[in-house]
Each structure stands twice: as structure tokens, then as C-alpha cells.
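Peer 1: Here's a sequence, model it:
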Amino acid sequence: MANEGDAGSLFGIPDFGRVSSWLESGLLDLNRTHPLFSIDVTKNNTSLVLLPGGLGGLGAFGGPGNGTTPALAPLLRDCDRDDDTTSRGDAGFFRIPPLLKDPASNIAEVQDPEPEHSEAGSEALLPPEEDPWLGDDGSVPNAPETKTWEKFDQGAQNPLSPVFITEAGPVAFDAWLASGRASSPTESDVLDDASYCACLFALALGRSSLLFSWDSEKRSFVKTIARLRTLGLSLELIGCIDRLCLDCANSTKRLQSFADRAYSAASTPARVALARVVDGLVLALQSEINSRNHGVRSILQLQAIVQPVQSVLSYFRDLVGKLARQKSDEAMLSCLFQEAQSAEYRSVLLREATREVLRLVSQPWIDSVQEWLGFKAERGLVITKKGPGKGFVKVADRIWIDDQGYELEEPDFFLDEEKLPSFVPQDIAQALFETGRNLRFLREHHPKHPLSRQSVVVLAKPPEIEWQFDWDSIKRLETKISDYQNALSRAIQGTVLEAEPDAPLPSSWGSGEPAYKFQFLLRSEAEITANVLASINQLNQPPKAVLKTDALTVLFQTRLYQKGEQQAEDNERLPPHWSLVPLLSFGPAVDVQSRLVNQQCMRLLFTSHDLRVHIDLLRQYFLMGNGLLCSRLSHSLFDPDLETAERKAGVALLGGSMGLRLGGRDSWPPASSELRLALMGVLSDSYESPSCRGAPMGCGRPVAASRSYSSDLPGDLSFAVRDLSPKEIDRCMDPDSIEALDFLQLSYKPPSPLRPIMTPVVLLKYDRIFKLLLRVLRMLYVVNQLFRDVPSGRSSRRRGTPQPSNASARFCIEARHFVRQIAAYFFDTGIAVPWRRFEDWLDVAEAEALGANSSDDAASNNDGDLRLAEEKPNICSPALLRDRQEQLLDDIMVGLMLRKRQLPVLKLLEETFSIILRFVEQVRTGAQAQAGENKLADKDAGETPEKLYAAFRKNVEVFITVCRGLGEKSATAAPTGKSSGDAYFMGSDDRRGPSPAENSIEQLLLRLDISGFYAKKGTSSSAV
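Peer 2: Below is the predicted model:
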């Protein structure tokens, strides 16, 4: 024991031979060593006080200023009595020190201690013949201590004296509580810390224990023993900790109850996903509590462990309660999005956890979006027009109603906006729906197209649609989208090899273990035995533990118990605003898929389905853009010199050029057989292919090549009889009325791929335009014939016929001028101008569709090409083409005064045409009367050329006045920005102000009354 005196010796035992200080020292040494528990025995030996070295002077126990504590005296006397009883024994090593046997006899020494006297007294207590193990030389060596830099900086300091009662230890605090001087003195039972902590841990996990149980009626955990606490803690403090753990347990119970109810037959995908998230959340939090259970030694440590879990559970309890009250998945996702946005102002943990919950709960809806877009194969029922629909896509009958009230129903896809969450922007929702519908068009009509084959799309590695909350993930998403677009473009061009049908599955699909083929034929017994033994060996292996840790579990494992400084993220770059998060998360993927699908749909429409041929056919026939058709149709319907196709008894048809001879016959309307004979070959002989129209007639283009003599026209175009109401049929019975040819219409049936573009609404508008143009064509023929039937004065004198009246001559001239100018305005301005703009737009759309791949390559190789960057968002789609065609027809109908608001003007024009027809009938009957065929009707007996001319002049003046008012109104409503024509060409839907046809009404006024002739007459006869 050479080093036993060295204080720095690690293995040395200092003072190994020294006797206990209790045997030799008095109370003064004891008080000096342990000042906190120093005692002063009073004269009457009835009270215990705290010396000034301890807690004296504070009066914390309600005693006098010297620290007297009567309440603690019995407690400490009991402690001394117990110590004295246990310490009483024989003389020797374990004998009671003399000073402790009679404390009252040594009061003087205790009250006035002096270090020198105490040391001397202690030496006197030891007999000289004591055993060396019981002896003491009076010197106290320095105890070994650990040398640290903290103690070196602090230097030598005296031990701090306790200030508060709680610093005196749990015994002193419990004694104070037992004294009855607390603010709310109550009797309570005391339990040790370990048992109480175990019960609280079980409660925090949502489990029952001896002290806490689940009450089904109250639907909450309750405490079995109300007034129960631990050492050193009051009932108020233990109640706060109990409430913390009770709230944690009740929140866990509610979350688990919601998860259990969610797995039912009537549950929805979003609710099941939320239940799965709740299960994982509760399990992750319970795992975190269990992992820290073993290191807990006090109630305060337990509180530090449970409090973060309780804050998370209470937040998600309220969140799940709000989501459970929603009636649909869309409302639930919308509410969750709003809560995630509100969580931005909470702690970092709750913000990240709410984002992850939003990501997981919205996954079923995102999967349906990816299936509709073609990124993933459809699971379950495939969405078809014969099925019920799925999610935000519903299948219903699209109903069209014509002018007669007839309904046409056809199943089609519809966007159910009520099934879309509120955070989805309207433009993205519309693009999403149109892309999926166009993709179904490809799968239906072109099943071998790369976009229709899921294997090709999978090889192109489509991007995963998911929530993106930071700029880095958004950049990574854009990179994936660019790679997918390039890969799929190469696949469409045919430069990518597809996977073999018998190619092995990816390694992620299997377990990676070798497969054992149990084939017994052509195998030896040793091989069969080896395979069986290998299989048995593999089955004997313990199953591999598959630990599925999702992002939410990892988040709680890493950040639940981190301090605020450790949870701080680098906020150097602000995250995207929540109003932009849906757009940045879903917009790029939807946009690239929409671009690819729309390009291929338009390319196939222009190439495989001859879209331009059908559009040109409608222009030639319905809009009468074919001059040969107008000529042939006019002669077949109105020429009185042609042979009649009417069947008469005993009269054989000669078989020459036949016509209906409207205006030169008494019976009307014609029979269906007469129509077929008169109009046979009119449509097929006048058809001109668009491919042969560009070459001039004198440049080697054969005339026969520009016409199709086959009766099979595109869309099975033919004449048909219109369905009319009884009133309209009565008006058609009069051959001299303006409605005499309203029964005749063109029948056109678009092929199935073109039906989304040539909708019944579009065909109905074409039919209304054709009906009006057929009337105008008749009026043109009538006024031209009238100009020939009513000769001037010189021609009448030369022919020997009576000279017509002045009113008849003026009527003939003005009627011809009026009709021809109306027809010229209709054909040259009302139809030609909008159609020219539409064709220009269609040329650009066709060029983009046919050169889509080259444009994409050029755009990817030349990032500085601003023109291509500007043209990219204006990629045409079938829906946009349909809208542009409807807009074209609306503009044409405005120019032809066929809109509902222009109905009074059109009625006025028809009345003017009717007056002209009555005058023509009068002229014809007058000629027949001169020829000896007096068939003048009684209804025309009172009408004279003068009266008809006056009525004609009045209607023309009113018509011009109304048109002038419309022109002035449209001029005041003209937009200040770009013109409507520019908006139409650029594809803008925001068309402020009037249409181009409404602005062109001034051209009609110039054609009708450029010199102000009718305006002067109108002012002079201000009766109009």
C-alpha cells in the first residue's frame, strides 16, 4: 500500500486504517461535513431547527426566524430513534459513539463549536490501547477527485446551500406536505416512482394498467385511484402529468378507432389510405416511446418523453376528426390540403408530417390520374364508354337537340368537376381530361400506336406524379419529364427497340432466389433428390424480416426528440407558395403527356382520317363554296326549260336533263322519286378534290381528275328530306313562298374517328347555314330571271310587247341590286372571311402536327429559339379544333344574321324576299294571262306593282336603318387591344367585343346604299 497516501492514486485506498468519524468526532464535525442536515438540540429537547449553514433564516416551514421547524421534529426524532435502536450494540467497533449516546450533555459543545476543541475532544475519546484500525490521527486527507477543465475554470467554490424546499429532497418536501401548510392540503397515497412510471408509460401507449383503465361509457381512460402520488411530487403536479398521459392515450384510442372503422365495405380509397397512415403514425410514435422506456428514472424524464408525442397525437386527432366529417374523397383531400397549408406556421415536425400525410392520403387519387393519363396500366375495370366511369371521369349520354326538338344521344366521357379536389387548377383539370379522352381515341382506333401500348410507355419511364414541396424536387421532376418526352418521341419515330415478349421480369419482381424446377421426366434420381433437398433446405430457412419504413416513420425517428435548433432547416431559398404547389407538382407531367397525345391525334386525323378532305367537303357543299355545285343545283331546282321529272298518267319521261322547275309548276312539293331523278349526279359531278385544286386548268391538270364521278362521297354525302313540323310543312306546300325548299337538306355522316370534331351541334349549324344559302340561291336565280322577264322600254318596243310600268321597272332593278348585294355580302364577307382565317389557323395546326417530332428536336437542340418556345403552348388538340370550328360557324352565322339576337333582322330580310317572290308571281301570272291562261289567284287580285314596290322600298329602308344601328353599336363595343381576328387566329378564348362578322356590317351598308339613296328617301318619307 505504498500509494495509499497519494490522492491521485487510482487504485490506492485512502485512510484504509482509519476508524469511522462517528466514533471519534462530535456533532460539530458532522455539521461541518453535512451542513444541510445539521441539527440543533434545544434545551427543552422538543424541537429541531435548521442552522444558518443549512436552510435557516428562510422561515420556509412557518417557524421563527432562526429556522425552527416544529413540523419536522417528530419526523426527525423518529429517524433518530430508529437510528439509535439499530445502532445500539456492544462496545467495540460497532459501539455507539459517546457523543451520540447523550446529546443533551453535550449541548454546550454543539452550540459553541471550535475546531481546536473538537479535535482535542475527539482525541480524548479514544483510549490509548485502542486497536489501530479504530485509531485516528486527526488528519483528513484530500479525497481523490476528477480533474476537469470546468472545475479548473470555476476554481474552488464552497458548496451552495439549498434555497427552496424542493431542493432539500423528497423527504423534506413530503414532510412539508404532511404538515398541512400547503396551499391545498389533501390526503393522498404515495406510490414509488418505478411503479407509477410504468403505469404512466402504459397509459401513454394507449393501454390499460392497474392505475388507469378504459371507461367505455365515458370513452376515455380514467384513474382507478384518485388521490395517488409519488415521493416529492404534489397532487397538482402529478395531476398535470396524468392529464398529459391521459390526453396521449385518448388520442391514440381515437385514432385507432378511426382506423378500425375505415376498413369497411362502404369505405373509399382515400379513407382507407388515411387509415393506413394513422396506423403507421400511431405505431411509429409507440415505437419511439418504447425505445426510451428503459432510461427513465423520474417523472420529469417521463414528461419529457411523452410531451412531444402528445403534441403530435393531439394535432393529428383534431386533423383526423375534421377529415372524418367530410363526405367524399375530394372534400377530404381539399380539407387536408388546407390543413397542410395552415401547418406551415407550426413546428417543423408537424409541417413535414402533414405534408407526408397529404402525400400518402392523396396517392389513390394520384394513381387514378396516372391511369387516366396512361402512365400506369389500369387496374380493375377499364374506363370505356360502355362502363360506369371512374373517379372524376363519368360516362353518360351526350344529348343534342336540333331545331325541331329531336334528341340525339351518344355515350361519351364527361369531366365531373365535383369529383376533383379544390386545389386542382381549372386549366390542368381540363387538360388532364382531354388528354385521357384523346388517349382512349388512340387506343380505340389505333391500338398499335406506341402511345396505345403500355409496354412502350413503361420502357420510356414515365415520371411519377406526386407532391413536390421544394425547388430541388421540382427540378428533378422536370429532368425526368424531359427524359420521358425524348424517349417516347424516339419510340414514336420507331428508333427504340421494344422489349421481347418473353423477356425476364425485373429483379425487383422476384425474390432473387434460384428457382427449382420439379421436372421428373428425363432426369436422373440423383438430380431429383438434389432438387428436393435444396427445396427443403430453402423452406427450412427462417423468413427474412422485411422492415418497411416509410417516410413518415423515418421522420418521427429522426425529428421527434430533436431540439428546436436541430430541427431548423436551411431557409435560404424560400419554398414555392402553396398556391403554386399543385401547378408545379401536376402541371409538367400533364402538360408533356397532353402535348404528346394531342400531337399524335392531330397527326393521325390529318393523315389517316383525311380531316382536311372532310372539312373541305363541308365548305364546298354546306357553305356552297363550289361554283359548279351552285350552277348545277340552281338549274336542277329552278330552270323552267328543263324537262320535268314529275310523273303523269299516260306520259312517258323522255330521259333528258330533268329538273324540279320550281316556279313553273302547280303541284308542290315534289315526290321523293322526282327528287332522285332531278338531283341525280349533282353532288358527285360537282365534287372537287382538295389535292387537285391548286393546279391551274391550263397547266396540264386534267378536268376529269378534279371531279369524282363515283357516288361514294366522303361521309356518304347525299340529299335528304328534312324533318319538319306541321306548320313548316304547310308553308312548304306553297311553291311561291320563301320556305318552299326548306324540306331539302344535305345528309352527311362523319366517320367514327371524326365524330368528336364533327359533332351534331356542328352539323346542325352547317345545316342552318345551308338552308339560308339555298334561299339566297333561289332569290339570285329569281331576280336574274325577273330582269329578263320584265324588259325595258326599248326591248319591249322591239319585241312588240306592252311596255312595263315605271314601278315594275324600278322594282326589277332595285330587287336585283338588293338580292345580289345581299348574296355577295353573304358569300364574300360573311363566309369567305371567317373561313379564310380558319384555314390559315388550320394550316398552322397541320404543320405543327405533321412536323411535331422535328419541332421537338429543334426545340431541344436550340434553346434560344424564342419562336418555338412561344409556339409550344399553342399545340392544337381535337377539342381545340372542335371549338375553333364551332367558333367559325358562330362567326358565319353572325354574318348571315342567323343568331338568336339577330332574328328580327332576318325576319325583315325574309319578308323582303317574300315581296320579291310575290312580284315575280304577279309577273308570271300576267304573262300567262296574255298567253290565254288566266290563272290569277284571288289573293293577288288586289296587289299591284305599285303597292308591292312601295312595300319593298319600305322594308329595304327599315333593313338599312337597322343595319346601320347594328354597325354603330358594334363600333362602340370594339375592343381597345388586339382585334378579334387576331384573337381568333391565335386561339385565344378571351374574345372581348364583337365578332369580325359584326364589325363587317358596314360593308353590307356600303354595298346596299353607298350613295345614300335609301337614306334620303327614308328621311323624306319619315313614316318609315
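
Peer 1: Report the separation between residue 921 and residue 333.
Peer 2: Distance from residue 921 to residue 333, counting by CB to CB, to the nearest Å: 71 Å. For every residue, glycine as well, the C-beta is placed using N, CA and C.

Peer 1: go on, residue 193?
Peer 2: Per CB to CB, residue 193 is found 47 Å from residue 333.

Peer 1: Same check on residue 201?
Peer 2: 36 Å.

Peer 1: In terms of neighbours, single out the busier of those two.
Peer 2: Neighbour totals were compared for residue 201 and residue 333, and residue 333 leads with 25 against 20 (other CB atoms under 10 Å).

Peer 1: What values do phi and psi take at that one?
Peer 2: Backbone torsions of residue 333, given as degrees, to the nearest 10, read phi -70, psi -40.

Peer 1: Could you do residue 298 as well?
Peer 2: Phi and psi for residue 298, reported as degrees, to the nearest 10, are phi -150, psi 170.

Peer 1: How about the contacts made by residue 911?
Peer 2: If you count contacts by CB atoms under 8 Å, 6 or more residues apart in numbering, residue 911 has them with residue 955.

Peer 1: Please identify the helix or strand for it.
Peer 2: For residue 911, the enclosing helix or strand under DSSP states H and E is helix 903-930.

Peer 1: Please apply the same query to residue 424.
Peer 2: Here residue 424 sits in a region with no helix or strand, counting by DSSP H and E.

Peer 1: Likewise for residue 761?
Peer 2: Residue 761 belongs to helix 760-789 when elements are defined using DSSP H and E.

Peer 1: buried sites along that helix?
Peer 2: 760-783, 785-786 (16 or more other CB atoms under 10 Å).

Peer 1: Point out where the stretch 751-900 of the chain drops to low pLDDT.
Peer 2: Applying pLDDT under 70 to the stretch 751-900 of the chain picks out residues 791-802, 852-874.

Peer 1: Would you map the strands across this structure?
Peer 2: Along the chain, the segments classed as strands by DSSP state E run 39-41, 48-50, 189-191, 212-215, 220-223, 228-230, 389-390, 393-401, 407-415, 643-644, 658-659, 718-721, 744-747.

Peer 1: Make CSV from those strands and add distance to residue 324, mean pLDDT and mean neighbour count to it.
Peer 2: Formatted as CSV, the strands of the chain follow (distance: least, CB to CB, whole Å; pLDDT from 0 to 100; neighbours: other CB atoms under 10 Å):
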stretch, distance to residue 324, mean pLDDT, mean neighbour count
strand 39-41, 64, 48, 19
strand 48-50, 59, 38, 24
strand 189-191, 38, 81, 13
strand 212-215, 21, 90, 15
strand 220-223, 18, 90, 16
strand 228-230, 35, 82, 21
strand 389-390, 24, 86, 17
strand 393-401, 26, 84, 14
strand 407-415, 28, 84, 14
strand 643-644, 81, 77, 18
strand 658-659, 77, 78, 21
strand 718-721, 60, 90, 14
strand 744-747, 58, 90, 18
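
Peer 1: With distance to residue 828 as extra columns, can I get those in TSV?
Peer 2: Shown next, in TSV, are the strands of the chain (distance: least, CB to CB, whole Å):
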stretch	distance to residue 828
strand 39-41	123
strand 48-50	116
strand 189-191	103
strand 212-215	88
strand 220-223	85
strand 228-230	100
strand 389-390	47
strand 393-401	31
strand 407-415	34
strand 643-644	34
strand 658-659	28
strand 718-721	26
strand 744-747	22
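
Peer 1: rewinding a little: now do the helix holding residue 761: which elements does it pack against?
Peer 2: strand 393-401, helix 627-638, strand 744-747, helix 806-824, helix 878-895, helix 903-930 (3 or more CB pairs under 8 Å, 6 or more residues apart in numbering; DSSP states H and E).

Peer 1: Any chance of the ones you listed in TSV with distance to residue 607 as columns?
Peer 2: Listed next are these as TSV, based on distance: least, CB to CB, whole Å:
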stretch	distance to residue 607
strand 393-401	27
helix 627-638	27
strand 744-747	26
helix 806-824	37
helix 878-895	14
helix 903-930	40
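
Peer 1: before we move on, the earlier item: list the buried residues of the helix holding residue 911.
Peer 2: Using 16+ other CB under 10 Å as the test for burial, helix 903-930 gives 905, 908-926.

Peer 1: again, but for stretch 315-331
Peer 2: In stretch 315-331, counting by 16+ other CB under 10 Å, buried: 315, 316, 317, 319, 320, 323, 326, 329, 330, 331.

Peer 1: I'd guessed the fifth one sits against residue 277; true?
Peer 2: No. With contact defined as CB atoms under 8 Å, residue 320 and residue 277 do not form a contacting pair (9.3 Å).

Peer 1: before we move on, back to that, residue 242: which of the buried residues of stretch 315-331 is nearest?
Peer 2: Nearest to residue 242 out of these is residue 317 (CB to CB; 18.2 Å).

Peer 1: where does the closest one land on pLDDT?
Peer 2: Per-residue confidence (pLDDT) for residue 317: 93.

Peer 1: where's it relative to residue 824, distance?
Peer 2: Residue 317 sits 78 Å away from residue 824, going by CB to CB.

Peer 1: Provide a list of residues in contact with the closest residue to residue 208 other than its chain neighbours.
Peer 2: Excluding the flanking residues, the one nearest residue 208 by CB to CB, 6 or more residues apart in numbering is residue 214, at 5.5 Å. Applying CB under 8 Å, 6+ apart to residue 214 gives the contacts 208, 220, 221, 222, 253.

Peer 1: what's the neighbour count on the last one?
Peer 2: To tie it back to what came earlier, the one meant is residue 253. Count around residue 253 with other CB under 10 Å applied: 18.

Peer 1: Mind listing what's buried along stretch 426-444?
Peer 2: 428-429, 431-443.

Peer 1: Considering the residues you listed, which is situated nearest to residue 894?
Peer 2: Nearest to residue 894 among the buried residues of stretch 426-444 is residue 434, at 27.0 Å by CB to CB.

Peer 1: For the closest one, which residues are in contact?
Peer 2: 594, 598, 877, 878, 879.

Peer 1: How many residues are close by residue 850?
Peer 2: When neighbours are counted by other CB under 10 Å, residue 850 comes out with 15.

Peer 1: Could you check what's spatially nearest to it, not counting adjacent residues?
Peer 2: Nearest residue to residue 850, sequence neighbours excluded (CB to CB, 6+ apart): residue 603, at 6.0 Å.

Peer 1: what's the burial count for the one you found?
Peer 2: Look at residue 603: counted by other CB under 10 Å, it has 18 neighbours.

Peer 1: Could you do residue 543 as well?
Peer 2: Residue 543: 5 surrounding residues under other CB under 10 Å.

Peer 1: now residue 893
Peer 2: A count of neighbours around residue 893, defined by other CB under 10 Å, yields 21.

Peer 1: if we can go back for a sec, could you dump the buried residues of stretch 315-331 into a markdown table with distance to residue 746 added?
Peer 2: Below are the buried residues of stretch 315-331 laid out as a markdown table (distance: CB to CB, whole Å):
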| residue | distance to residue 746 |
| --- | --- |
| 315 | 68 |
| 316 | 66 |
| 317 | 69 |
| 319 | 63 |
| 320 | 63 |
| 323 | 58 |
| 326 | 53 |
| 329 | 48 |
| 330 | 45 |
| 331 | 50 |
